[in-house]
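*Asks:* missing the sequence, but the structure's below:
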């Protein structure tokens, strides 16, 4: 699968995180890529996600509770601004195979939106992992294609994804220009070509 530009990337993210819903983590009846947010008046610029004041946050500023295999909780601070570049940091290192471009990962994840600190999606409650094939070219957001490289099987990783590596202008219930905080568990990593 190849990325064909920003529109394809947004559609791919919608497919990859198809269970993402606008409220209460319930499945959406809308087709993938449909933005369930209320329509804006014609000619109005898209609403911007609110941005906290203060210094830029680091991975250490974001609190994550829970062990790999358990549903985590993510606490986003009010004392710093969202990072402007992708943050990818192992919270628990893995000991198994390493994810490299082309690898397949069976992952569990939880997503919290930065501006409102709401859990938008997670695979833990569904009881099934998310299959990501062809890391680096997978039909997921750039933050995952870039941020999961180097993760080892058994690891738990924090990803803080800026808007340009996430949903950008928005989709699937995500506000325009929203920063995303993911905790991702690499349940299984299959090297490319294996």
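*Replies:* Nice, thanks for sending it over. If you're wondering where the values come from, they're calculated on a predicted model, not measured in any experiment.
*Asks:* Could you find the closest non-adjacent residue to residue 166?
*Replies:* Nearest residue to residue 166 in three dimensions, chain neighbours excluded: residue 180, at 4.7 Å (Cβ to Cβ, 6 or more residues apart in numbering). All C-beta spots, glycine's among them, are computed from the backbone N, C-alpha and C.
*Asks:* I meant to write residue 193 there.
*Replies:* Using Cβ to Cβ, 6+ apart, the closest residue to residue 193 is residue 102 (7.0 Å).
*Asks:* sorry, back to before: bridge partners for the residue nearest to residue 166, pull those for me.
*Replies:* Counting by DSSP bridges, residue 180 forms beta bridges with residue 113, residue 161.
*Asks:* count of neighbours near it?
*Replies:* 24 (other Cβ atoms under 10 Å).
*Asks:* ok, residue 79 - how many residues close by?
*Replies:* Residue 79 is flanked by 10 other residues according to other Cβ under 10 Å.
*Asks:* do you know how far the residue lying closest to it once chain neighbours are set aside is from residue 124?
*Replies:* Distances taken as Cβ to Cβ, 6+ apart place residue 54 nearest to residue 79, at 5.5 Å, with adjacent residues excluded. For residue 54, the distance to residue 124 (Cβ to Cβ, to the nearest Å) stands at 31 Å.
*Asks:* same deal with residue 179?
*Replies:* For residue 179, the distance to residue 124 - Cβ to Cβ - is 21 Å.
*Asks:* more crowded one of the two?
*Replies:* residue 179 (26 against 17).
*Asks:* mind listing what residue 69 touches?
*Replies:* Counting by Cβ atoms under 8 Å, 6 or more residues apart in numbering, residue 69 touches 108, 185, 187.
*Asks:* buried sites along the helix or strand harbouring the second one?
*Replies:* When elements are assigned from DSSP states H and E, residue 185 belongs to strand 180-190. Judged by neighbour count (16 or more other Cβ atoms under 10 Å), strand 180-190 contains these buried residues: 180-187, 189.
*Asks:* Then stretch 55-75?
*Replies:* 57, 59, 61-62, 64, 66, 68, 72, 74.
*Asks:* got it, and stretch 135-143?
*Replies:* By neighbour count on 16+ other Cβ under 10 Å, the buried set for stretch 135-143 is 135-136, 138-143.
*Asks:* Next, the distance between the ends of that stretch.
*Replies:* This stretch, stretch 135-143, spans 11 Å end to end (Cα to Cα, to the nearest Å).
*Asks:* Residue 154 against residue 98, yeah?
*Replies:* No. In this structure residue 154 lies outside contact range of residue 98 using Cβ atoms under 8 Å: 10.9 Å.
*Asks:* Nothing else from me, thank you.
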